[in-house]
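Engineer: need a 3D model of the sequence below.
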Amino acid sequence: MKVLSFDIWNTILSTRVFYWKFSTSLAKLADLDPEKVFNKILTTYARIKSMRVKELIDENRIVEQSMEILLEEFENLTQEHIKKALASVIARENLEDLILDDSKRIVAELKKRGYTLITIGNVVFWPGAYTRIMLERLGYSEYFIVQIYADEVKCSKPRPCIFHKALNTLREFGIEPSEITHIGDNFREDFLGALGVGFKAVLVDRDKLYSSKGFLTVLKDRAYMIDSLEKLLMIFK
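Structural biologist: Numbers count the residues shown, from 1 in each chain. Take a look at the predicted model:
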């Protein structure tokens, strides 16, 4: 049994596209300029990522604290506005344009090839439960036997505890860390985090920040860098 673990946001689904939908929904509720809302959300997202590196985010209230930080950018907005805007997008919007690199086809093919698929994902402004709903709506859920999200396990990547939580769910199958490959777009959170606990790792480096090549073996049979998800089908045959 070989396991492939997927990060979700910016790996198989587009954060930027979702944030635009979220921004337009929030702007409509609060009578604001969608472009300005979008820019503030992107700025706050980057700020929260930086705070997470410095361990300034409380793992017990990741989503709540993230909302509070976002609300610092706006006057007269409340968490209720944010929750309504998110719910509106998730329940009503067409989400097909979130899909990156034809990822659903690739995930389906990897499942067909006999790999066991799971997710390990961080969260920011919305809980993992919302991501579960989006994956269900988009038809990914049938491929993932386990979904692990930071708010549910009170631990974010790259901390070992979130990877260990995923490993523990697979203990009944006798899975060892070296039999799991984690696939994600963030060098620190996904790539180094996975390697640090003994997993294998694939960095989805679409902008080629870490390599000028489209496909690079960093550590033989243990770590790879690719510039599109399509190349997963070259690695996992």
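Engineer: which strands and helices sit next to the helix or strand hosting Leu232?
Structural biologist: Counting by DSSP states H and E, the element that carries Leu232 is helix 232-235. Packing contacts for helix 232-235, counted by 3 or more C-beta pairs under 8 Å, 6 or more residues apart in numbering; DSSP states H and E, involve helix 103-112, strand 223-226. Yep, even glycine has a C-beta here, placed from its N, CA and C like the rest.
Engineer: tell me which of these is the most buried.
Structural biologist: Comparing the helices and strands packed on helix 232-235 by mean neighbour count (mean count of other C-beta atoms under 10 Å), strand 223-226 ranks first with a mean of 22.
Engineer: partner strands of the helix or strand bottoming out on mean pLDDT in the chain, parallel or antiparallel?
Structural biologist: Averaged element by element with mean pLDDT, DSSP states H and E, the chain has its least confident helix or strand at strand 215-219 (a mean of 86). Sheet pairing here is set by DSSP bridges, and for strand 215-219 it gives strand 223-226 (antiparallel).
Engineer: follow-up on the earlier one: please save the CA atoms from the least confident helix or strand of the chain in CSV.
Structural biologist: Taking C-alpha atoms only, strand 215-219 is exported to CSV below (Å, rounded to 0.1, in the frame of the first residue of the first chain):
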residue,chain,number,x,y,z
PHE,A,215,11.2,18.4,-13.2
LEU,A,216,13.9,17.9,-10.7
THR,A,217,14.9,15.0,-8.5
VAL,A,218,16.2,16.5,-5.3
LEU,A,219,16.8,13.3,-3.4
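Engineer: buried ones in that strand?
Structural biologist: Buried positions in strand 215-219, judged by neighbour count with 16 or more other C-beta atoms under 10 Å: Leu216.
Engineer: which is the succeeding secondary structure element to the helix ranked longest in the chain?
Structural biologist: With residue count as the measure and DSSP state H as the assignment, the chain has helix 34-53 as its longest helix. From helix 34-53 onward toward the C-terminus, using DSSP H and E, the following helix or strand is helix 62-71.
Engineer: all good on my end, thank you.
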